[in-house]
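**Q** Fold the following, please.
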Amino acid sequence: MKNFVFGYARVSTEQQNLDRQIDMLEKYGVDFIYNEKMTGTKRNRPELEKLLERLTEGDAVVVESLSRLGRSTKDLIWLMETFNEKGVNLVSLKESIDTTSSTGKLLFALMSAIAQFERDVIADRTREGIASARARGRKGGRPKSDPEKIKMAVKLYNSKQYSIKEIEDMTGIKKDTLYRAIRGHR
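**A** Numbering: from 1, shown residues only. Reported below is the predicted structural model:
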């Protein structure tokens, strides 16, 4: 089975032009180009999703620069990990990154290690914050709703005279809490 080299080009707005990126990808010699005009801050990008679905082990993804794949380090690392899991190489022309080379693999390993370190630090801080709050007598979580107000909300709901929004406004009980209470009574 033949491995493919896929290009991915993206600009943030409809007014921007993809020609420069497409020219670079064609000059590189990609087999297929996926392109879209959409902000890089959204993870749900239809053409990127199609590309990810099509990738198989040994394929390569070529981009003009890493910023075309995503605007946040978190999303870039998620994509690089996805490529790694699929056995797909990444080439970024601007940054001269090529994960088919030993230097590119080292860079990828360093980025993955930094990402894991960042996740671990966040988890540590969260655990420390929870422990500190508990030591001060705080339990955490959402405050419990007043059972009397929940009963009133269920009665109003059962009367079929009020909309959910009206019940929320009168009692302060949110619709999810109301629906849970209704299911609990059945």
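**Q** Domains in the protein, by residue range?
**A** Per the record, the chain has its domains at 5-101, 147-185, by automatic domain parsing.
**Q** Buried residues, the last one. List them.
**A** If I follow you right, that is domain 147-185. For domain 147-185, the buried set under the neighbour-count rule, 16 or more other C-beta atoms under 10 Å, comprises 150, 152-154, 156-157, 167-168, 171, 173, 177-178, 181. C-beta coordinates here come from the backbone N, C-alpha and C atoms, glycine included.
**Q** packing partners for the longest helix seen in the chain?
**A** Counting residues, the longest helix found in the chain (DSSP state H) is helix 102-135. Counting by 3 or more C-beta pairs under 8 Å, 6 or more residues apart in numbering; DSSP states H and E, the packing neighbours recorded for helix 102-135 are helix 73-86, strand 89-92, strand 97-98.
**Q** That one: which residues count as buried?
**A** By neighbour count with 16+ other C-beta under 10 Å, helix 102-135 contains the buried residues 104, 107, 108, 111, 115.
**Q** do you know how far the first one is from residue 75?
**A** Read it as residue 104. Residue 104 sits 19 Å away from residue 75, taking C-beta to C-beta, to the nearest Å as the criterion.
**Q** quick one on the thing from earlier: show me what secondary structure element comes after the longest helix of the chain.
**A** Following helix 102-135 in sequence order, the next helix or strand is helix 147-159 (DSSP states H and E).
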